[in-house]
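K.L.:
Return a 3D structure for these sequence lines:
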Amino acid sequence: MEQQIIKTEYSDIMRKSYIDYAMSVIVARALPDARDGLKPVQRRTLYDMYELGIRYDRPYRKCARIVGDTMGKYHPHGDASIYDALVVMAQDFKKGLPLIDGHGNFGSIEGDGAAAMRYTEARLQKVTQMAYLSDLDKNVVDFVPNFDETEREPAVLPVRIPNLLVNGAEGIAVGMATNIPPHNLGEVVDAAIAYLKNPNISLERLMKLIQGPDFPTGGVVTNQEDLLEIYRTGTGKIKIRGQIEVEKAKGGRQKLVIKDIPYTMMGANIGKFLNDVYSLVETKKTNDIVDIVNESSKEGIRIVLELRRGADVEHLTNMLYKKTKLQDTFGVNMLAVANGRPETMGLKEILEHYADFQYDLATRKYNYLLDREMEKKEIQEGLIEACNVIDLIIEILRGSANIQDVRACLTAGRTDGIQFKSQESKEQAAGLHFTEKQATAILEMRLYKLIGLEIEALQREHDETLRKIASYLDILNSHSAMNEVLISELQSIKKEFAVPRKTHIANIADVIYEEKKIEEMPVIFVMDRFGYAKTIDVATFERNIDTVTKEYRYVLKVMNTGFVGIFTNTGFLHRIKIQDLPAGKLKDKGTPIDNVSHYDSGTESVLSVESMSGLSDSPLLFVTKHGFVKLVDGAEFQVAKRTVAASKLSENDELLLVSKVSGTEHVVLQSEGGYFLRFPLSEIPAKKKTAIGVRGMKLGDKDSLQAAYVLTDSDVVVTYKERQVHINRLQISKRDNKGVKR
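P.N.:
Numbers count the residues shown, from 1 in each chain. Have a look, this model is predicted:
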């Protein structure tokens, strides 16, 4: 076939391709279906386990087998995504109703990952088999070809409960995301029953049945008053907090015990919470905590904070809620795929989609069962009729030459080629009119079926079949009868699998926390040449002034409520809060400034450390390696950000000197080539911090500044190539000169 080049607009191709990709991610990967509340990977994993026969009452099977089979048959997107989905469906701290029974290490609530799939085993939970996978053999859902059209898979699972609410969902698609909280099974079933009975039920009535989310980790929802609007629109923010209990300890002390945590704190955030508590102690925000012990185990969360005697429990509790993840926000966005497109739904819309799906499932199921019973009825009626004329049928069988003649006689009354004992028998045979199915059943009937008791059993079976047909017709033709069946199924599921609510719902005012005012006092900030900083009290400094000034590169007197600013060679100013530094003894090492600021010791070096409160007193002199100089008003650095650009630099340039000046000094610039230039500070213009500055010294093509000095009255001697240079004795020149060679 001859190839043909089609010319088209490139942007159109890209737009179409991206939209196709986005819809594929939205519908086939990231978002759950509103009908069964499952993502494709979850649905395929459960169906594959069902196909493999890994039922709740059978032995566990290796997860590697399940993952491999699912990937090979239904989900060609990598084993990691399949195993991750399987693990989450088995974790009772993530799902309100776990769908898989895991055996082995399936991770922990503290963020520990599951063991490799070759070590773990799994099988279906009983509820999954009963409420998620039953009736798949009754044509209740459509089956579609898999990715390579070698297998068939269900387009949706026949889930009997509103799984979208029970287990919730989370996923990030292209341009949209879903985040649905889990709910209590018993409450959701009650709401579903109420909706089935009255589709016009108000949201307020439904909210009396569904109090709100029921997180597996427990906790307290504190904004009950906002839930009605959240469930009306499908979006909003739920405020949740962990529960703190006060227990008595030895010696008259108390301890705070955390057993319930916010759902959002699960995983690595538990470790972050512990670190946050450590930070509160280290930075002296609280002195009430003497020890922190994480006693969590398989039985649940238990974090113990041991308190000092006389601790202010209420203040500390409020601090934990305000300063840590113990109180957090869960962003609700009830987005799911409905009728093939993503849709944000409120509670009533979710129940509406659920009810429509249940009616569709029930209609297909009972039509299937009705067809089967009608077939049974046809055969049973044929066998009963055959028993009444069994002598004639035996005579037909004995007088026939082949099976075709017998079948023709039974279905159409043809007697040609059949020998009868009498004309009367022949006339009776001509009146037979069994159907094809009845004729087949008669020919396959065994002789013991002619026993009287067997005939009675056949009649009873026929009566039961008629009863079932009447029942199925009633269900299919009566909305109320179908409702009764659906409600009965829901009630049985609730009775067997519902559990008490774990999350409390209430209206609780936001915590009021005011940091205790720190008594303002002067302290001494010290930092060594390795970047370790701390504060010491003034009395200790005065007793050891010689030792301190000898061992530490920077020594500043600051207020304990203030900040220090660190100017670096890369042109940045990093602010450090004094309260973030440890108040140590003289022999204590301190903490690296990297830990309390954005300073990076790997790429930056410290040029100057200044008290932020004193920067406005005098201008700052900036000198760069390429010879640029400028004066900047210190008030420009009075900002709230932790890191700001202190000076604009040209390409490959860096700061060489940052120093506070009074305006009467002289400046000496020393180049790598041995040139020295001395000029008055007054020749340097004032600039903004965003300016590069002006040229301070003319440099040769390959020359650059090596050092810069601000001269005072004392004599300053520098060494250049083993020769001493008294820079105070240099001749005073003008800025932007080459200087003198030394």
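K.L.:
CA only for contacts and neighbour counts going forward, please
P.N.:
Noted.
K.L.:
Quickly list the domain ranges of the chain.
P.N.:
31-159, 243-325, 369-496 (automatic domain parsing).
K.L.:
any idea how far Lys641 lies from Lys688?
P.N.:
The gap separating Lys641 from Lys688 is 18 Å, by Cα to Cα, to the nearest Å.
K.L.:
Between the two, point out the one with more neighbours.
P.N.:
The neighbour comparison of Lys641 against Lys688 (other Cα atoms under 10 Å) goes to Lys688, with 15 against 10.
K.L.:
center of the protein, which residue is that?
P.N.:
Taking Cα atoms, centre = their mean, the centroid of the chain lies closest to Glu170, which sits 6.2 Å from it.
K.L.:
And the closest residue to it other than its chain neighbours, its phi and psi?
P.N.:
Leaving aside its sequence neighbours, Glu170 sits nearest to Asn179 (Cα to Cα, 6 or more residues apart in numbering; 4.4 Å). In terms of degrees, to the nearest 10, the main-chain angles of Asn179 are phi -150, psi 90.
K.L.:
Now do Asn179, the pLDDT please.
P.N.:
Here the pLDDT value assigned to Asn179 is 94.
K.L.:
same check, this time on Leu450
P.N.:
69.
K.L.:
Kindly report the same for Val716.
P.N.:
78.
K.L.:
Can you give me the distance of it to Tyr709?
P.N.:
9 Å.
K.L.:
got it, and Met521?
P.N.:
Look at Met521 and Tyr709: by Cα to Cα, they are 34 Å apart.
K.L.:
So between those two, which is more surrounded?
P.N.:
Set Met521 next to Tyr709 and count neighbours by other Cα under 10 Å: Tyr709 wins out with 16 against 12.
K.L.:
ok, the more buried one - contacts?
P.N.:
Tyr709 makes contact with Val667, Val668, Leu669 under the criterion Cα atoms under 8 Å, 6 or more residues apart in numbering.
K.L.:
Could you report the neighbour count for Asp600?
P.N.:
Neighbour number of Asp600 under other Cα under 10 Å is 12.
K.L.:
what about the nearest residue to it once chain neighbours are set aside, is that helix, strand or coil?
P.N.:
The spatial neighbour of Asp600 that comes closest, neighbours along the chain excluded (Cα to Cα, 6+ apart), is Asp594 at 5.9 Å. Three-state call for Asp594 (DSSP: H, G, I helix; E, B strand; the rest coil): helix.
K.L.:
can you check Met49 too?
P.N.:
Applying three-state DSSP: Met49 is helix.
K.L.:
do the same with Leu677
P.N.:
Secondary structure, three-state DSSP: Leu677 is strand.
K.L.:
how far away is it from Leu347?
P.N.:
Distance of Leu677 to Leu347, given as Cα to Cα: 78 Å.
K.L.:
Looking at the two, which one has more neighbours?
P.N.:
Neighbour count, other Cα under 10 Å: between Leu677 and Leu347, Leu677 has more, with 26 against 20.
K.L.:
That one: what's it in contact with?
P.N.:
Residues near Leu677 by Cα under 8 Å, 6+ apart: Val668, Leu669, Gln670, Met697, Leu730, Ile732, Ser733, Arg735, Asn737, Lys738, Gly739, Val740.
K.L.:
ok, now how distant is Ala155 from Leu136?
P.N.:
Counting by Cα to Cα, the gap from Ala155 to Leu136 is 11 Å.
K.L.:
ditto for Pro40
P.N.:
In terms of Cα to Cα, Pro40 sits 17 Å off from Leu136.
K.L.:
Which one of these two is surrounded by more residues?
P.N.:
Applying other Cα under 10 Å to Pro40 and Leu136 shows that Pro40 carries more neighbours, namely 20 against 17.
K.L.:
Could you check the pLDDT of the closest residue to Asp528 other than its chain neighbours?
P.N.:
Spatial nearest neighbour of Asp528, chain neighbours left out: Tyr552 (4.4 Å); criterion: Cα to Cα, 6+ apart. Tyr552 carries a pLDDT value of 92.
K.L.:
Quickly note the distance from Tyr552 to Phe541.
P.N.:
Counting by Cα to Cα - Tyr552 and Phe541 are separated by 12 Å.
K.L.:
Which one's more surrounded, those two?
P.N.:
Phe541 (21 against 17).
K.L.:
check contacts around the more buried one.
P.N.:
Contacts here follow Cα under 8 Å, 6+ apart; on that basis Phe541 touches Ile524, Val548.
K.L.:
what kind of secondary structure is it in?
P.N.:
Phe541 - assigned by three-state DSSP - is helix.
K.L.:
The residue nearest to Glu170 contacts Ala169, doesn't it?
P.N.:
Yes - using Cα atoms under 8 Å, Asn179 is in contact with Ala169, at 5.7 Å.
K.L.:
What is the neighbour count of the residue nearest to Asp600?
P.N.:
Count around Asp594 with other Cα under 10 Å applied: 14.
K.L.:
now do the one 3 residues further on
P.N.:
Taking other Cα under 10 Å as the neighbour definition, Ser597 ends up with a count of 16.
K.L.:
Helix or strand: which one has it?
P.N.:
Ser597 belongs to no helix or strand when elements are defined using DSSP states H and E.
K.L.:
just to revisit the earlier point, how about the contacts of Tyr709 in JSON lines, adding secondary structure and distance to Ser17?
P.N.:
Output for those, formatted as JSON lines (DSSP: H, G, I helix; E, B strand; the rest coil; distance: Cα to Cα, whole Å):
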{"residue": "Val667", "secondary structure": "strand", "distance to Ser17": "64"}
{"residue": "Val668", "secondary structure": "strand", "distance to Ser17": "64"}
{"residue": "Leu669", "secondary structure": "strand", "distance to Ser17": "61"}
